[in-house]
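*Asks:* Build me a model from this:
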Amino acid sequence: MAHNIGDKIKEIRKAKNLSQEQVAEKIGIDRAQYSRVETAKSKPTLTTLEKIAEALEVDIIEFFKEDGNYDINSYKQSLVEKVKMIDQLDENMQQSIFSFVDVAIANKRYKDFFTQEATTR
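*Replies:* So this is what the prediction gives:
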């Protein structure tokens, strides 16, 4: 039973009788880097997940399934669909969206940090 995306990727890879080296070569990274994805020592980008899915000949959503059922709720599934749509946009539009998201995340982190600091004093 897979517990994270890396476990699920490994499970699918083994079911297809592929080595880490074979998958890594197909997606253009070295085996050590690919191994870090499977062992959850590295968080893969969406692009890397898509390349792995293509190399394994599965839909990327398979990485989020557990025992044949989706391991994500409908909100998260909607989010995955939005990310897929963003991936279809041209590179400039993607960069604009990612920049906006990065700023929003940074603002949230700063707010959380300062809120925590204010409550601990």
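
*Asks:* Okay, domains of the chain per the record?
*Replies:* 5-70, 74-120 (automatic domain parsing).

*Asks:* Let me have these in a markdown table, extended by mean pLDDT.
*Replies:* What follows is those, written out as a markdown table (pLDDT from 0 to 100):
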| stretch | mean pLDDT |
| --- | --- |
| domain 5-70 | 89 |
| domain 74-120 | 84 |
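
*Asks:* Of those domains, which stretch is the most buried?
*Replies:* Ranked by mean neighbour count, these are led by domain 5-70 with a mean of 16 (mean count of other CB atoms under 10 Å). In this view, the C-beta of every residue, glycine as well, is placed from N, C-alpha and C.

*Asks:* Remind me what the one helix or strand residue 108 maps to packs against, helices and strands.
*Replies:* Taking DSSP states H and E as the criterion, residue 108 maps to helix 91-120. Helix 91-120 is packed against helix 74-87, with contacts defined by 3 or more CB pairs under 8 Å, 6 or more residues apart in numbering; DSSP states H and E.

*Asks:* Quick one: distance of the helix it packs on to the chain centre.
*Replies:* 12 Å (CA atoms, centre = their mean, to the nearest Å).
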